[in-house]
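Visitor: can you look at this prediction? I've put the sequence above it.
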Amino acid sequence: MTSYPKTSNLMRRGTEFLGSEHAILCGAMSWVSERNLVSAISNAGGFGVIACGAMTPELLDAEIAGTRALTARPFGVNLITMHPMLFELIEVCAKHGVSHVALAGGIPPKGSVEALKAFGAKVIVFAPTLALAKKLLRSGADALVIEGMEAGGHIGPVSTSVLAQEFLPALAEEHLVFVAGGIGRGELIAGYLEMGAVGVQLGTRFACATESIAHPKFKQAFFRANARDAVASVQLDPRLPVIPVRALKNKGTEEFTAKQREVANLLDSEGLEMLEAQLQIERYWAGALRRAAIDGDVENGSLMAGQSVGMVTEEEPVAQIIQTLLAESEAALSRR
Ligand SMILES: Cc1cc2nc3c(=O)[nH]c(=O)nc-3n(C[C@H](O)[C@H](O)[C@H](O)COP(=O)(O)O)c2cc1C
């Protein structure tokens, strides 16, 4: 097997933490990161993560068991903090002894990190600011993912390159930090590793892998798209703080604007609670992504994709994608 000594050396703390051969995570992608893609990533030496998204505890139970049947290697589960059944989902992870759980979508609610640690899970968190990252790491989180606005799906306002400069010098020596957002080639992985990251997380680059169950039309849309087609959604109403989502421009982009208007009107007329309003928006996204990624309705569904989509030009097995990224990283480090 090909080895990548310089890259592996810089990833060592990350691979020790994940228990994988390479510290390359495939970030959870709702509907797409299910047993087939997750097991393929882990079997290829990366680290797959099941996207729980809006799944019920029963569905998550089946997905974890299904993934275990396809790989003996470690993988993680991504839970959304605002899921109304978060603690039941944590119990499902406990039942299966899931080794790594990522808490995404907001500040982990009280008791959630503790509940995960109680059964020995390693907890991965996301943090939009350095202060919050420090707080989460102090209160028991084991690793941090910083994710810039180049990424596909829900995004923050700051680019990966700026987050990396803010977070890595401050945290990388003492803590495990993975970098996500906009990574399409290994040269960039080499750069973040040199800055102290212990690994990286990619989504867009893996969404159209051969093993991904995404609909062929969804994959075609990715192969045709350029960076500038992956646009962030716009907030319509200042009272309704929706988290922006980066996706390929289509009719669904306009429908989201209409959906926001509808929910904002409900806030006015029916005294809808803000949390419920935000949940309605999140359910909209989950449904829209399913329509595009699973049903193949690429006109009206949501084609969540990051700016690295222009570097996704053909269907490739995940093992090949991982080897390409590692070879590019190794070549870059060898030129130094
Ligand atoms: C189609 C799609 C769906 C996603 N769904 C989720 C999700 O359900 N939960 C989550 O935490 N991140 C989600 N993400 C973000 C990825 O996990 C990952 O962090 C991101 O794609 C990395 O940036 P990149 O797209 O530039 O590679 C999604 C991304 C994409 C492209």
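Guide: Great, that's in hand. Predicted model only: the values in this text are computed from it and were never measured.
Visitor: what helices and strands are in contact with whichever strand or helix holds N9?
Guide: Using DSSP states H and E, N9 maps to helix 5-10. When contacts are defined as 3 or more C-beta pairs under 8 Å, 6 or more residues apart in numbering; DSSP states H and E, helix 5-10 sits against helix 186-194, helix 318-335. For glycine as for every other residue, the C-beta is placed from the backbone atoms N, C-alpha and C.
Visitor: and it, average pLDDT?
Guide: Mean pLDDT, helix 5-10: 98.
Visitor: and if you look at stretch 207-227?
Guide: 98.
Visitor: hmm, who's touching the helix holding N9?
Guide: By C-beta atoms under 8 Å, 6 or more residues apart in numbering, the surrounding residues in contact with helix 5-10 are 15, 22, 186, 189-190, 193-194, 198, 326, 329-330, 333-334.
Visitor: send the alpha carbons of the next helix-or-strand element following it over as PDB?
Guide: As assigned by DSSP H and E, the chain's next helix or strand after helix 5-10 is helix 12-18. The C-alpha trace of helix 12-18 is given here as PDB (Å, rounded to 0.1, in the frame of the first residue of the first chain):
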ATOM      1  CA  ARG A  12      -1.000  11.400  13.800                       C
ATOM      2  CA  ARG A  13      -2.900  13.000  16.700                       C
ATOM      3  CA  GLY A  14      -6.000  12.900  14.500                       C
ATOM      4  CA  THR A  15      -5.700   9.300  13.500                       C
ATOM      5  CA  GLU A  16      -5.000   8.300  17.100                       C
ATOM      6  CA  PHE A  17      -8.200  10.100  18.200                       C
ATOM      7  CA  LEU A  18     -10.400   8.700  15.400                       C
END
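Visitor: who touches helix 12-18?
Guide: Outside helix 12-18, the residues that touch it by C-beta under 8 Å, 6+ apart are 8, 21-23, 25, 47, 74, 100, 122, 142-143, 176, 178, 197-199.
Visitor: same thing with stretch 152-170?
Guide: For stretch 152-170, contacts defined as C-beta under 8 Å, 6+ apart pick out 29-30, 105, 128, 130, 133, 144, 146-151, 177, 179-183, 192, 195-197, 203-204, 207, 230, 232, 243-247, 285, 304-306, 309.
Visitor: so for it, what gets flagged as buried?
Guide: Neighbour counts over stretch 152-170 (16 or more other C-beta atoms under 10 Å) mark 152-156, 158-161, 163-164, 167-168 as buried.
Visitor: return the distance of that stretch from the chain's centre.
Guide: 14 Å (C-alpha atoms, centre = their mean, to the nearest Å).
Visitor: that stretch spans what distance, first to last residue?
Guide: End-to-end distance for stretch 152-170: 26 Å, by C-alpha to C-alpha, to the nearest Å.
Visitor: now do stretch 231-238
Guide: Start-to-end span of stretch 231-238 (C-alpha to C-alpha) is 20 Å.
Visitor: how about it against the ligand, any contact?
Guide: No - Stretch 231-238 does not reach the ligand (C-beta under 6 Å from any ligand atom); its nearest approach is 12.4 Å.
Visitor: give me the contact list for that stretch.
Guide: Contacts for stretch 231-238 (C-beta under 8 Å, 6+ apart): 149, 155, 241-242, 244-249, 253, 256-257, 260-261, 264, 267.
Visitor: which of the contacts of stretch 152-170 are buried?
Guide: Neighbour counting with 16+ other C-beta under 10 Å marks 29-30, 105, 128, 133, 144, 146-151, 177, 179-183, 192, 195-197, 203-204, 207, 230, 243-247, 285, 304-306, 309 as buried within the contacts of stretch 152-170.
Visitor: returning to that earlier point: how about the helix holding N9: buried residues?
Guide: Buried residues in helix 5-10, counting neighbours by 16+ other C-beta under 10 Å, are found at 6-8, 10.
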